[in-house]
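Asks: When you get a sec, could you give me coordinates for this:
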Amino acid sequence: MKISLTDRALKWFEEELALESGAAVRFFGKTYGKTEVHEGFSVGISVEQPDGEVLGKTVLNGITYYAGAEDDWFFSRYDLVVDFDEKKDEPLYHFNSNE
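Replies: Reported below is the predicted structural model:
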């Protein structure tokens, strides 16, 4: 699984979550909501260091963005592209097939 963030999304995460080099952001599947490929589930985020096996990660500006192996059920078969929705002023998540 690959994780990528647009420049605008990266800026939002750094500013909104007051992230500094060495921090980590976890992406995970949570109940309620909808994604392009999931009905009844959406993407959750938390600021926490990985504590187990990582499914995918990227490090940008010294900050680790990752999904843990426990969320394989949610991210299986997809790469995650994090963009930004200017109208809603929030991250926008795209799932690209990696099969």
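Asks: so where's the chain uncertain?
Replies: 33, 35-37, 39 (pLDDT under 70).
Asks: Grab the most central residue of it for me.
Replies: A centroid search over the chain (C-alpha atoms, centre = their mean) returns Phe27, at 4.0 Å, as the residue closest to the centre.
Asks: Identify the residue spatially nearest to that one, adjacent ones excluded.
Replies: Nearest residue to Phe27 in three dimensions, chain neighbours excluded: Ala67, at 4.8 Å (C-beta to C-beta, 6 or more residues apart in numbering). In this view, the C-beta of every residue, glycine as well, is placed from N, C-alpha and C.
Asks: What's the separation between that neighbour and Asp79?
Replies: The spacing between Ala67 and Asp79, counted by C-beta to C-beta, to the nearest Å, is 10 Å.
Asks: What residues sit buried inside the helix or strand hosting the residue nearest to the centre of the chain?
Replies: Secondary-structure assignment from DSSP states H and E places Phe27 in strand 24-34. Burial within strand 24-34, assessed by neighbour count using 16 or more other C-beta atoms under 10 Å, is assigned to Ala24, Val25, Arg26, Phe27, Phe28, Gly29.
Asks: The first one reaches Ser46, doesn't it?
Replies: No - the pair Ala24 / Ser46 is not scored as a contact, 9.3 Å apart, by C-beta atoms under 8 Å.
Asks: Parallel or antiparallel, which strands does the strand holding Phe27 pair with?
Replies: Strands that pair with strand 24-34, judged by DSSP bridges, come out as strand 39-47 (antiparallel), strand 63-68 (parallel).
Asks: what sits up against the first one?
Replies: Defining contact as C-beta atoms under 8 Å, 6 or more residues apart in numbering, one finds that strand 39-47 is touched by 17, 19, 23-35, 74, 80, 91, 93.
Asks: how far away is the residue nearest to Tyr32 when sequence neighbours are not counted from Ser76?
Replies: With C-beta to C-beta, 6+ apart as the measure, Ser42 is the residue that lies nearest to Tyr32, at 6.4 Å, once sequence neighbours are left out. For Ser42, the distance to Ser76 equals 16 Å [C-beta to C-beta].
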